[in-house]
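1. I would like the atomic coordinates for the input below:
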Amino acid sequence: MKNSRYTLGLWAIAAVVALLAPASAVFAQDEQGAAPPDPPARVARLSFLYGSVSFQPAGENDWVAAVPNRPLTTGDSLWVDTGGRAELHVGSTAIRMSQGTALTLLEVSDAVLQIRVAQGAVVVSARHLEDGEVLEADTPNLAFNAVAPGEYRIDVNADGTATSTAVWRGEGQVNGGGRTYTVVQGQQARFQGLDTLSYEISPVPPPDSFDSWAADRDRREDRAGTGNYVSQEMTGYEDLNANGQWNVVAAYGPVWTPVGVPPGWAPYRYGHWVWIEPWGWTWVDDQPWGFAPFHYGRWAFFGGAWVWVPGPVVARPVYAPAMVAFVGGGPGAGFAFAVAGGAGVAWFPLGPGEVFVPAYRVSPLYVTNINVTNTQVEAARVNYVYNAYTAPGAHEAAQITYVNRAAPGGVTAVTRETFVGARPVSANVVAVNQAEIARAPVTHMAAIAPVRTSVIGTGAAAAAAPPATLQSRRVVSNRTAPPPPQAFAQRQQQLNAHPGQPSVTPVAPAPAARTTAPGPAAAPQPTPAPRVYERIEPAPPPEKQPAQPAAQPQTQQARPAAQPAPPAQQKSADETKQEGQKSQKTQQQQQQKSSSSKSNKSSDKDKDKDKPNSGKP
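-> Take a look at the predicted model:
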């Protein structure tokens, strides 16, 4: 269900711009000549961490200290050690991790957020789910799907043989041991075992300190109040109100001005660069609010200060690695300036209406969407600028004017070593002759190959890493996640051959059919796999529910705490049938009695639902 305050949906925009895009537009293709699949329109953000939190980039073996605001994507892993906590955001969905938790992002795509919880506790707060959107948490003995917006908690014990799922609000579906269960609001269901699950049902327990912390973080987001200016699906929106001021400027519409920044502050100067596939060079900002304003919208120098212009309010704006243009050193530019005796790299923030040209391989529709969802610009202008940079033999890029190139402090320059080494930019800014900057060509990419430090980042060696048994522990899933990228060492030769261009083609979305992936090693799946997801009807053994009758109907989906109809209900139905031949007056009286009886029993049934272990799953 879409929120009515969003003025224009992403896919509505896509339908329009597809008609506007000229057929002759030239866009990047893979080596076989076919257009590659586009990268995801969203990522996860590491928005908060406390204590010892470790990070492992996709495809790598090393663990380093996690860094706030780093974009996270498919294959990335986190470990929260004793005494620590961490928080991720993907749009309006928050995932909060307690101490002793090992989590991997199995898939972050436009329609899927799938996580692996090998051990520990996570609280998932889903404020909004699109029709068909998948929000799945996979553990060693079950797969949990949120089927509605709500608040959920998943706990996995140390040896991976038990998972507890609690639903404070919403509804969840559990797959495990060949069966399907539904957990409803107000219930906690604990599932024990691997190949066969036993379970216990109870009301959600009183909140512990982790629950209370998660609830406090949710209340903080409730007070964010930026819905009139940006979408809640813009990752990082929740930090804007507390760290800046909103105003309306005639030329741009709503603008946001950061507060508490140091003198001389400029966008894309206080942070560092990292290499994240499939986007390539990606900005990581130092400010606690430094995510949304650097991956969405545009920047303008207005009234003697930098203001962020978020652009149109759309359902889900498309994420970008950095909304900048680079100076000098582009492919075929034949120009590079020197700083501090070596090669330099310089950039400036894009202004309102200016076109972002991806350095990675994308489709025409993606190029248009990433621009029209982040700034006020027409599709025809997007196509013109893109072709000016990328069409064979194009020489029109030099005719494009960029306002922030001449703005005070607009251009930031560093050495090549600072750039590729993920070093702090603010501490390593170098002065460049303005005349040299003015005559340098502008390019859409930094044609520089990454080194391993570019991928790992500047985080110190991790103080702690998850045990090896957790890293190799298998989980149960409803869908097959895309494979992680190759390690950097295996990609380095290709990256050196094509500097600044990512080597990994994004994985296409998984098929719509939901399948059961192989389960834990101790719980092998049947040979004819994979099967289409289906509702499993038989209930687990009745001895787990001593209050149940010995024989249970086999026509209902297994559902924790679902109360069976009382025997008296069936007797009333039989009596009604036997009296069907009575006079009309007697029959009406009997139907009234039957209706009254059903109402009373329904009330009794509702009361029984609140009792622990009162029904079958």
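
2. give me the neighbour count for Asp216.
-> 9 (other Cβ atoms under 10 Å). Glycine gets a C-beta too; all of them are placed from N, C-alpha and C.

3. that one falls within a helix, correct?
-> Yes. Per DSSP: H, G, I helix; E, B strand; the rest coil, Asp216 lies within a helix segment.

4. low pLDDT regions in the stretch 201-350 of the chain?
-> Along the stretch 201-350 of the chain, the model assigns pLDDT under 70 to residues 227, 329-342.

5. so which residues of it form helices?
-> Taking DSSP state H, counting those that start in this stretch, the helices of the stretch 201-350 of the chain run over residues 209-222, 292-295.

6. just the stretch 351-500 of the chain next, same as before
-> 364-372, 379-390, 416-420, 434-439, 452-456, 468-471, 488-497.

7. okay, these in a markdown table with mean pLDDT next?
-> Below are the helices of the stretch 351-500 of the chain laid out as a markdown table (pLDDT from 0 to 100):
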| stretch | mean pLDDT |
| --- | --- |
| helix 364-372 | 97 |
| helix 379-390 | 92 |
| helix 416-420 | 94 |
| helix 434-439 | 80 |
| helix 452-456 | 95 |
| helix 468-471 | 90 |
| helix 488-497 | 94 |
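
8. so can I have TSV of those helices showing mean neighbour count and distance to Ser198?
-> Formatted as TSV, these follow (neighbours: other Cβ atoms under 10 Å; distance: least, Cβ to Cβ, whole Å):
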stretch	mean neighbour count	distance to Ser198
helix 364-372	24	48
helix 379-390	20	57
helix 416-420	20	54
helix 434-439	12	69
helix 452-456	19	43
helix 468-471	14	23
helix 488-497	15	44
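
9. right, and those helices - which one's nearest Glu221?
-> With Cβ to Cβ as the criterion, Glu221 lies closest to helix 364-372 of the helices of the stretch 351-500 of the chain, at 25.5 Å.

10. what angle do helix 379-390 and the closest one make with each other?
-> Computed by axes from the mean of the first three to the mean of the last three Cα atoms, to 10 degrees, the angle separating helix 364-372 from helix 379-390 equals 110 degrees.

11. counting by contacts, list what helix 364-372 packs against.
-> helix 10-20, helix 379-390 (3 or more Cβ pairs under 8 Å, 6 or more residues apart in numbering; DSSP states H and E).

12. out of the helices of the stretch 201-350 of the chain, which one sits most buried?
-> helix 292-295 (a mean of 26; mean count of other Cβ atoms under 10 Å).

13. show me what that one is in contact with.
-> 71, 230, 234-237, 239-240, 256, 258, 267-268, 271, 283, 285, 299, 308, 310, 319-323 (Cβ atoms under 8 Å, 6 or more residues apart in numbering).

14. please apply the same query to stretch 448-465.
-> 52, 54-57, 60, 62-67, 70, 79, 81-82, 272-276, 281, 284, 329, 345, 416, 419-424, 488-489, 492, 495-496, 499-500.

15. leaving out the residues flanking it, which one is nearest to Pro203?
-> Gly186 (6.1 Å; Cβ to Cβ, 6 or more residues apart in numbering).

16. so where is the stretch 451-600 of the chain shaky, pLDDT-wise?
-> For the stretch 451-600 of the chain (pLDDT under 70), the answer is 504-600.

17. please redo it, this time with the cut-off set to 50
-> Regions of the stretch 451-600 of the chain meeting the criterion pLDDT under 50 cover residues 506-591, 593-600.

18. who's in contact with the residue lying closest to Ala41 once chain neighbours are set aside?
-> Leaving aside its sequence neighbours, Ala41 sits nearest to Val318 (Cβ to Cβ, 6+ apart; 4.4 Å). If a contact means Cβ under 8 Å, 6+ apart, then Val318 has Leu10, Ala41, Tyr366, Asn369, Ile370, Thr373, Asn374 as its contacts.

19. so what touches the helix or strand that Leu135 is a member of?
-> Leu135 belongs to strand 134-138 when elements are defined using DSSP states H and E. Here strand 134-138 makes contact (Cβ under 8 Å, 6+ apart) with 93, 106, 111-117, 122, 124, 126, 129, 143-146, 152, 154, 475-479.

20. CA atoms of it as PDB?
-> C-alpha atoms of strand 134-138 as PDB (Å, rounded to 0.1, in the frame of the first residue of the first chain):
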ATOM      1  CA  VAL A 134      10.000  -9.700   0.400                       C
ATOM      2  CA  LEU A 135      11.400  -9.100   4.000                       C
ATOM      3  CA  GLU A 136      13.000 -12.400   5.100                       C
ATOM      4  CA  ALA A 137      15.200 -13.500   8.000                       C
ATOM      5  CA  ASP A 138      16.900 -16.900   7.600                       C
END
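
21. mind listing which of the contacts of strand 134-138 are in strands?
-> 93, 106, 112-117, 122, 124, 126, 143-146, 152, 154 (DSSP state E).

22. ok, back up a step: quick check, nearest of the contacts of Val318 to Ala446?
-> Using Cβ to Cβ, the contacts of Val318 come closest to Ala446 at Ile370, 17.9 Å.

23. send over stretch 260-278 as CSV, restricted to the C-alpha atoms.
-> C-alpha atoms of stretch 260-278 as CSV (Å, rounded to 0.1, in the frame of the first residue of the first chain):
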residue,chain,number,x,y,z
GLY,A,260,27.1,22.4,13.7
VAL,A,261,29.5,22.0,10.8
PRO,A,262,33.0,23.4,11.0
PRO,A,263,34.0,26.7,9.3
GLY,A,264,34.7,26.3,5.7
TRP,A,265,32.7,23.1,5.5
ALA,A,266,31.8,21.9,2.0
PRO,A,267,30.0,18.8,0.8
TYR,A,268,32.1,15.7,0.0
ARG,A,269,35.1,17.0,2.0
TYR,A,270,34.7,15.4,5.4
GLY,A,271,34.8,11.7,4.8
HIS,A,272,36.6,9.3,2.5
TRP,A,273,36.2,7.2,-0.7
VAL,A,274,35.8,3.4,-0.8
TRP,A,275,35.2,1.0,-3.6
ILE,A,276,31.9,-0.9,-3.5
GLU,A,277,30.7,-3.1,-6.3
PRO,A,278,28.6,-2.8,-8.5
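
24. chain center to that stretch: distance?
-> 22 Å (Cα atoms, centre = their mean, to the nearest Å).
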